[in-house]
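**Q** Next comes the sequence, and after it the predicted model I'd like to discuss.
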Amino acid sequence: MKLSRRCFLSLVVGGAAGTALTPLPWKITDDLSIWSQNWPWTPVPPDGAGTYVDSTCTLCPGGCGISVRKIDDRAVKIEGIQGHPLNDGGICMLGLSGLQLLYGPTRVQAPLKRVGERGQGQWKTISWQQAIDEVADKLGDLRQQGKPEALGCIAPKDKGTVAQLMDRLMAAYGSPNFFRMPSVEDAYEAALYLTQGATGHAAFDVGNADFVLSFGSALLDGYGSPVRMFRANSKLKEVHGTVVQVEPRLSNTAAKADQWLPLHPGTEADLALAMANVIISQNAANNAFLDAQTEGFEAFSKMVQQRYSLETVSSRTGIEAAVIAEVALKFARAKKPLALCGRGKGQAPGSLKEALAIHALNALVGSINAEGGVTAMAAYDYIDWAEVVTDDVAAKGRQTPRVDGAGSAEYPNVRYLLNHLAYAADGIQALLVAEANPLYALPGSKDVKAAFDKIPFVVSFSSFFDETAMNADLILPNHVYLERYEDVPVTFGAGSPTVGLCRPVVEPLYATQHAGDTIIQVAKALQGSVAASFPWPDYQACLEQSLGSKWDALIEEGVWQDDAMDGGFETGSGKMALMNDSIGAVYMADGVALQGDAATYPLLLVPFDSMRLSSRYIGDPPFMVKTVSDRIVRGNDGFVEINPETAAKLSLADGQSAILTTPVGEARVKVSYYEGVMPGVVAMPRGLGHTAYDEFLAGKGVNVNQLVGSVDDPASGLDAAWGIRAKLA
Amino acid sequence: MKHAQTQHRPKRYGMVIDLDKCTGCGACMVACFSENNVPFKADESDKRLSITWMKVYKVTNGESFPDTEVCYFPRPCQHCAGQHEGHSPCVSVCPATATDYSRETGIVSQIYTRCFGCRYCMGACPYHARYFNWWDPVWPKGMEQYLSPNVSPRMRGIVEKCSFCFHRYQLARDKAFTEDRRDLEENDYQTACTQACPAGAITFGDLNNPDHKVHQLAQPDVQHGYKAKNPHAFRLLERLGTNTKVYYLSSREWVRKAGDNYLPGEKPGAHGKDSSGH
């Protein structure tokens, strides 16, 4: 049969039309989509019994309560605990990403001993017994040489059983050189001590304030207990309260504030004292409080009137005199005003003068020990161990002055000066580092690295291959917080004493060990009086015993909170000191002098903090890196934010590559135009430029600590650098 | 045919996001990633490829220093209802019925096993709320342990988007059933982003239910295409007629204006034509 073209076409078209009218094509499409999706490498998460385990997050100092959903033995989701006194159901993206840390590839899975050079990343797995013996041998040697003070240790806080066990080890061993990572707490606790005789923490009752005057404190970018601050801010919106944010860059906090006061970086103390001047001269101060509960008011008044006139400070800060006056008076006339101190998340101490000035503002308006104000919360004393047993070696060692100079005649008001590590390291022969990443997080990275290079024996307790662990000689990995019990006292950002219970959610995945156990075992291996100071068989026993009657409550509730407000002042007179000789010396001390000269370095590089970039011990997990804007990181390039006007003067286009140079370092960056940055200022986020961790984080952007060094506050020795001079070309 | 849900009122799940409270922290984004087994790559800086069911946009008022203002918009899938209930832009174009509109809940579903990746829906969506898996997701060894069994991990060639945590709706229904209830309380079913938001900026619930917060905040006008009666409330690209279920609140006019495209001089909230007509 001969098939003509017409017949052929009719057949084909008719066939196609007929087929289209049948279910066949749709069935085949459906089937194809299923057949093409049955690849075996797509994970099918196994189902199982769903349960929740409550714990406390330790990824930042905030201490939020978390509820972890499990399916059988796997943790699958972290959520906030409804009704928790700090976060009430809310949770930040770092807390939410905890499971990526727990199950992630940068976990240290067993004790490791370095082979090859430091930083090469070559390790030999050893047993825990061997690891403890290595540490005990090295530490034992030091003691035998009569140099126990050459042992140092770095921890993020000094309260809580683990930190206090480390401190106890130092005491029994014979070294005063326990270092706490720097933070605004250093400056604020000194201010509290000088003014109120208090040794404790500042508790800000932000949730009950109606006017918050924040001197750069990143209320919505990670300050204090971040979720608690967010909730307080939302509440302020509901009750039509006011937030005034004072800082050179439009941060998220400033964007949400009722008023943003841009000022020249580093002039916050001047602004606070000028405002004090206005409040006093306009008779808007809380005289009832001042008369009854303070002393030195006249001298303080005289100082601010003489040295902080509106005109002088207006030109120093760049804020109009009328605006300074207006804000000061609105602050003073609010019912519950509160001034906050500590730039960004509060990672840098800042100058003591700044802390005193801002604390004085609170005093002027009567917001001390009042609702909505700031209270000196007594230092946590729930851990009540027997006296440390010391032998002669230890007694002698404890007498030696601290290598960082803290507490000496030169730096009398402060307890820790880790920013002095560059020369302090000369006196350190062995260093223990727990829950901290100083090689990354301390300003002046080059100096910090040089300091570490001087220390012959470095032990890291890190659960992750972070920069410090990568440069250590031994890694004795701690359990991740989701695998361990621990008490979590909140020291900065809580409104009252709050201790959470960190509880294991899953069995430890790897051959890690609780840092508390490691410390106890090292102590026992050192024998003698050191071992005698650690009578507990293990950390769990120590924890339960230390918490005593509070243990059962903690197991039950997950958190305990004291509403106790410290009622009085512990000064000799029982009053708060606004001015006296010690305080006067601080106010009269020289200002902080940034490195570099303005001619070579015409710009100011200022670091800023973000909720999306973790900048302390923990490095951003992949979920968090995913949320970082492509105007902060693109590929591996990090951006700096600069005012378009300034950029134009430097002939830099938006998105262009440039070299950012400071007196301390240089880096290749890309330029991002941002109208929210003051002219003359270049802003760079903290949390990037990691060299350790995995491909999700390492190599992206620039570590601002490579470019910004620490600068001693002449009055206290604390690192008071708010940035550094820079040039961009 | 008009299905205006005026007779027997089925549920209309929606959200109200208070932009005065939203801090741009991004917790909602990560809560969603974690809840819904969203994959991640080593380099997520190309945002056209980065899968973010919930995405926080940063918008500025365009003024120069020091009058600059910035606002953040969390943008989940808007679960458009369209002019005629069920005519969401994406649902209208899907050749495989991989996405469908539920008249019972108002939720636009995404059925992974039906999708064969033509991406027509992505072209149709005015909000860029749909994302394509160009590659198979790879979880670093060990991380697959945190995957939730309640949400299917997707493979390459599949479009995915926010589902208003539909698995949570299913779990809530199951739980209510075991407790001999048929109705869900407001707190029985909440999305992961709503739950996580540390500022309390997101509210989720049934827009049809006068007891639910979302209804009270947005005050949707059933007679006029569910436009919000609250003068501070607005929806994104409202004038397209997508009839979305995510309402935004802002006390700042420039923010309300940023939610749509206006001619110079037009005021936000102005409607050329009544959008309930067609």
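**A** Here it is on my side, so go on. Residues are numbered from 1 along each chain as shown, chains lettered A, B, ... in the order given.

**Q** The residue of the stretch 151-278 of chain B found nearest chain A: what's it in contact with?
**A** Distance from chain A to each residue of the stretch 151-278 of chain B (C-beta to the nearest C-beta) is smallest for B:Pro198, at 3.4 Å. C-beta: built from backbone N, CA, C; applies to glycine. B:Pro198 makes contact with A:80, A:87, A:90-92, A:226-227, A:230-231, B:23, B:25, B:27, according to C-beta atoms under 8 Å, 6 or more residues apart in numbering or on different chains.

**Q** How about it, nearest residue that isn't a chain neighbour?
**A** Ranked by C-beta to C-beta, 6 or more residues apart in numbering or on different chains and with sequence neighbours excluded, the top spatial neighbour of B:Pro198 is A:Gly90, at 3.4 Å.

**Q** how many other residues sit next to residue 124?
**A** Using chain A here. 11 (other C-beta atoms under 10 Å in any protein chain shown).

**Q** Chain B, not that one
**A** 17.

**Q** Check B:Phe65 too.
**A** For B:Phe65, using other C-beta under 10 Å, the count is 19.

**Q** ok, back up a step: what does the pLDDT read for the residue of the stretch 151-278 of chain B closest to chain A?
**A** We have a pLDDT of 97 for B:Pro198.

**Q** now swap in A:Phe178 and tell me
**A** Confidence for A:Phe178, expressed as pLDDT, is 98.

**Q** which among the contacts of B:Pro198 gets closest to A:Gln561?
**A** A:Asn87 (12.5 Å; C-beta to C-beta).

**Q** need the contact list for that closest one.
**A** With C-beta under 8 Å, 6+ apart, A:Asn87 has these contacts: A:62, A:64-65, A:80-81, A:225, A:227-228, A:231, B:198.

**Q** May I see the PyMOL selection of the buried members of the residues you listed?
**A** A single PyMOL command is used to select the members of the contacts of A:Asn87 judged buried by 16 or more other C-beta atoms under 10 Å in any protein chain shown:
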select buried, (chain A and resi 62+64+65+80+81+225+227+228+231) or (chain B and resi 198)
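
**Q** Who are the contact partners of whatever residue of chain A ends up closest to chain B?
**A** Nearest residue of chain A to chain B, counting by C-beta to the nearest C-beta: A:Gly90, 3.4 Å away. Contacts here follow C-beta under 8 Å, 6+ apart; on that basis A:Gly90 touches A:64, A:80, A:227, A:230-231, B:27, B:196-200.

**Q** mind giving me TSV with these and columns for secondary structure?
**A** Converted to TSV, the contacts of A:Gly90 look like this (DSSP: H, G, I helix; E, B strand; the rest coil):
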residue	secondary structure
A:Cys64	coil
A:Gly80	strand
A:Val227	helix
A:Phe230	helix
A:Arg231	helix
B:Ala27	helix
B:Ala196	helix
B:Cys197	coil
B:Pro198	coil
B:Ala199	coil
B:Gly200	coil
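
**Q** ok, of those residues, which one's closest to A:Met470?
**A** A:Cys64 (29.1 Å).

**Q** pLDDT at the closest residue to that closest one other than its chain neighbours, what is it?
**A** Nearest in space to A:Cys64, with sequence neighbours left out and distances taken as C-beta to C-beta, 6+ apart, is A:Asn87 at 4.0 Å. Note on A:Asn87: pLDDT of 96.

**Q** in which helix or strand would I find A:Asn87?
**A** According to DSSP states H and E, A:Asn87 maps onto no helix or strand at all.

**Q** Same question for the helix or strand of chain A with the lowest mean pLDDT: list its buried residues.
**A** Least confident helix or strand of chain A, by mean pLDDT, DSSP states H and E, is helix A:24-35 with a mean of 84. By 16+ other C-beta under 10 Å, the buried positions in helix A:24-35 come out as A:30, A:33.

**Q** Helix or strand next in line after it, which one?
**A** strand A:50-56.
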